[in-house]
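Engineer: with the sequence up front, the predicted model follows.
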Amino acid sequence: MAYSYDNQNIFARILRGEIPNNTVLETEHSLAFHDIAPQAPVHVLVIPKGPYVTYDHFAAEASAEEIVDFTQTVGLVCAQMEVTPGAGDAGYRMIANSGSNGVQDVPHLHIHILGGRMLGRMLSRNG
Ligand code: AMP
């Protein structure tokens, strides 16, 4: 499958330093920053620095080094934001909206890490 990446998307522009972000953590292959419109007290986005549209694209084409870095960055962000379960009543949800049915607004892979409040059940019936 051929994936096409739009390098004018807002996260590509953040990665090029064209627009600012509120960084939580940066590694060689990944960047984590606070969502501009947080939906929970903790709402951090983790993105790979490479040009991947969705998780399936990343899984198909990223190097093992990028995949390890991204996975470890997600874990480090959870620890840094103190949402790892086991610490009091903490906990979190990871979401990767993908494509039109997934209602993905920004076409650069990003994982939302949400926490700091009870998040309710996973999906509503009405979307
Ligand atoms: P999605 O619908 O999964 O593509 O989510 C895109 C997310 O990016 C939304 O939660 C937006 O609030 C967030 N967002 C858009 N622009 C920015 C920005 N410049 N900095 C941080 N977060 C952003």
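Structural biologist: Alright, I've got the coordinates. Bear in mind that the values here come from a model prediction, so they are computed numbers and not experimental data.
Engineer: buried residues in stretch 22-40?
Structural biologist: Neighbour counts over stretch 22-40 (16 or more other CB atoms under 10 Å) mark 24, 25, 29, 30, 31, 32, 33, 35, 40 as buried. Heads up, the C-betas are built off the backbone N, CA and C, glycines and all.
Engineer: would you mind listing the residues in contact with the first one?
Structural biologist: Contacts for residue 24 (CB atoms under 8 Å, 6 or more residues apart in numbering) come out as 32, 33, 34, 44, 77, 80, 81.
Engineer: quickly note the distance from the residue nearest the centre of the chain to residue 11.
Structural biologist: Nearest to the geometric centre of the chain sits residue 111, at 2.2 Å (CA atoms, centre = their mean). Residue 111 sits 12 Å away from residue 11, going by CB to CB, to the nearest Å.
Engineer: need the residues touching each of these two.
Structural biologist: 45, 47.
Engineer: quick revisit: just checking: which of the contacts of residue 24 also lie near the ligand?
Structural biologist: residue 33 (CB under 6 Å from any ligand atom).
Engineer: out of the contacts of residue 24, list just those in strands.
Structural biologist: 32, 33, 34, 44 (DSSP state E).
Engineer: export those residues to CSV and tack on distance to residue 100 and pLDDT?
Structural biologist: Listed next are the ones in strands among the contacts of residue 24 as CSV, based on distance: CB to CB, whole Å; pLDDT from 0 to 100:
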residue, distance to residue 100, pLDDT
32, 26, 99
33, 25, 98
34, 26, 98
44, 24, 98
